[in-house]
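In: Next one to model:
(one chain, ligands or ions: 2)
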Amino acid sequence: MRKLTLGTTGITVPQNAFGALPIQRISKEEAAKLLRKAYDGGMRFFDTARAYSDSEEKLGYAFEGMRDKIYIASKTMGTTPEKFWEDLKTTLTNLKTDYLDIYQFHCVNQCYRPNDGTGMYECMLEAKKQGKIRHIGITAHKIEVAKEIVESNLYETLQFPFSYLCSQKDIDLVKRCKEQSIGFIAMKGLAGGLITRSDAAMSYLYQYDNVLPIWGIQKEQELDEWLSFMDKEPEMTKEISDFIEKDRKELMGDFCRGCGYCMPTCPAEIEIATCARMSLLLRRSPSAGHLTKESQAKMAKIDECIDCGVCKTKCPYELDTPNLLRKNYEDYKKVLAGEVTV
Ligand code: SF4
Ligand code: SF4
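Out: Residues are numbered from 1 along each chain as shown. Ligands and ions are numbered 1, 2, ... in the order given. This next block holds a predicted model:
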């Protein structure tokens, strides 16, 4: 597998990296085993965030004494300088390190700039001056915000969702990052679990030599799939290209990516990230037990939606979430009743 350099950062790693969000769902020992296996298999770039509960701590535990052998990127969702510094301190402690390779503003709705009155960009500059971070990055989910970030030329890396379900606008963004020498870190290469073939996902992204995919990994079997590409160059065969074409036709458009950014504030406590894409999950991962009593109870909560609209305002993809939920529930009930086969 070839290596890439992220923009002007000098960070050169195999084009196959570890997204450490899912390790918050497994034990410390399981996470450490997975992370060390990823390292042994050739992965060198690990992306985490303050918002991923104990993911940073698990990384710190797994790689204690190996700091100079890997690159670590983390993120803050802080919107004030106080929170920025508090998060950075916690992150460094959790990771048992005194520096981050990349520190990113997490899922922003605006491009922080010097002198914009927030003081946020100045925090990044100061942290860099103090040697606590080596490079300034940012993550976004909205294309317009991402474009503004790229054109500002203030950030060394941009992290953005990118998979074969993306639009031409997203592809243009990737190309623009290359022209501007901004490192592009691709999240959601499997479109939140809707893409089910790792070879198709990887072969698509590998066509872009400036894109570093960070695969969200929770199980050894998933890791093995990604590691298998380290010795086997991903190739866009006719069979894979036909499969992607078919999948794109089925999945393009307004579907829930499962990012969960709309969730914590739902007054009805609906598990939106799962429920709003249940129709797709039923058809694409039928073995995952979506019809259990527990799942039925989760779906039934959709009836408690009070149409407050909060989720809509939080969705980076501007989805009509309450309606999407209702559509999914209608379909779910038909599947349960055996009126529709999946
Ligand atoms: S509109 Fe419904 S689903 Fe959305 S936040 Fe409000 S109660 Fe929850
Ligand atoms: S509705 Fe939007 S914000 Fe909520 S999980 Fe789906 S894609 Fe994410």
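In: Helix or strand with the lowest mean pLDDT in this structure?
Out: Using mean pLDDT, DSSP states H and E, helix 278-284 stands out as the lowest-scoring helix or strand of the chain, at a mean of 89.
In: quick one: that helix to chain centroid distance?
Out: Helix 278-284 sits 20 Å away from the centroid of its parent chain (CA atoms, centre = their mean, to the nearest Å).
In: Would you mind writing the CA trace of it as CSV?
Out: C-alpha atoms of helix 278-284 as CSV (Å, rounded to 0.1, in the frame of the first residue of the first chain):
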residue,chain,number,x,y,z
MET,A,278,-33.8,1.4,10.0
SER,A,279,-35.2,0.6,6.5
LEU,A,280,-31.7,0.6,5.1
LEU,A,281,-30.3,-1.4,8.0
LEU,A,282,-33.0,-4.0,7.7
ARG,A,283,-32.1,-4.6,4.1
ARG,A,284,-28.3,-4.2,4.3
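In: buried stuff in that helix?
Out: By neighbour count with 16 or more other CB atoms under 10 Å, helix 278-284 contains the buried residues 278-282, 284. No exception for glycine: its C-beta is placed from N, CA and C like everyone else's.
In: and the gap between the nearest residue to I149 once chain neighbours are set aside and ligand 2?
Out: Leaving aside its chain neighbours, I149 sits nearest to C111 (4.7 Å; criterion: CB to CB, 6 or more residues apart in numbering). As judged by CB to the nearest ligand atom, to the nearest Å, C111 and ligand 2 stand 20 Å apart.
In: which bits of the stretch 151-300 of the chain sit near ligand 1?
Out: Within the stretch 151-300 of the chain, the positions near ligand 1 by CB under 6 Å from any ligand atom are 266-268, 270, 272.
In: from those residues, which single one is nearest ligand 2?
Out: Of all those, I272 has the smallest distance to ligand 2: 4.8 Å, by CB to the nearest ligand atom.
In: residue contacts, that closest one?
Out: 256, 260, 262-263, 266, 311, 321, 325 (CB atoms under 8 Å, 6 or more residues apart in numbering).
In: Among those residues, which ones lie close to ligand 2?
Out: Counting by CB under 6 Å from any ligand atom, the members of the contacts of I272 near ligand 2 are 256, 260, 262, 311, 321.
In: Next up, the contacts around the third one.
Out: So that's C262. So C262 contacts 272-273, 310-312, 314-315, 321 (CB under 8 Å, 6+ apart).
In: next one: L158
Out: Per CB under 8 Å, 6+ apart, neighbours of L158: 137-140, 146, 149-150, 173, 177, 182-185.
In: repeat that with 7 Å
Out: 138, 146, 149-150, 177, 182, 184 (CB atoms under 7 Å, 6 or more residues apart in numbering).
In: Next, see if the helix or strand hosting E239 gets close to ligand 2.
Out: In the assignment (DSSP states H and E), E239 maps to helix 238-251. No: applying CB under 6 Å from any ligand atom, one finds helix 238-251 separated from ligand 2 by no less than 13.4 Å.
In: which helices and strands does that helix pack with?
Out: helix 198-205 (3 or more CB pairs under 7 Å, 6 or more residues apart in numbering; DSSP states H and E).
In: Buried residues, whichever helix or strand comes after the helix it packs on. List them.
Out: Where DSSP H and E defines the elements, the next helix or strand beyond helix 198-205 is strand 211-216. Buried residues in strand 211-216, counting neighbours by 16+ other CB under 10 Å, are found at 211-216.
In: Could I get the full set of helices for this protein?
Out: Taking DSSP state H, the helices of the chain run over residues 28-40, 55-62, 81-94, 120-129, 143-152, 168-179, 198-205, 220-227, 238-251, 272-275, 278-284, 293-300, 310-314, 321-337.
In: what sits against C266?
Out: 272, 310-311.
In: ok, so what distance separates it from G258?
Out: Per CB to CB, to the nearest Å, C266 is found 15 Å from G258.
In: just to revisit the earlier point, and the angle for the helix holding E239 with helix 198-205?
Out: 90 degrees (axes from the mean of the first three to the mean of the last three CA atoms, to 10 degrees).
In: what about the stretch 151-300 of the chain, any weak spots by pLDDT?
Out: 287-288 (pLDDT under 70).
In: can you list the residues of it near ligand 2?
Out: Close to ligand 2, as judged by CB under 6 Å from any ligand atom, the stretch 151-300 of the chain has residues 256-262, 272-273, 276.
In: Dump those residues into JSON lines; add distance to K293 as well.
Out: Output for these, formatted as JSON lines (distance: CB to CB, whole Å):
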{"residue": "C256", "distance to K293": "23"}
{"residue": "R257", "distance to K293": "27"}
{"residue": "G258", "distance to K293": "22"}
{"residue": "C259", "distance to K293": "27"}
{"residue": "G260", "distance to K293": "23"}
{"residue": "Y261", "distance to K293": "28"}
{"residue": "C262", "distance to K293": "25"}
{"residue": "I272", "distance to K293": "20"}
{"residue": "A273", "distance to K293": "20"}
{"residue": "A276", "distance to K293": "20"}
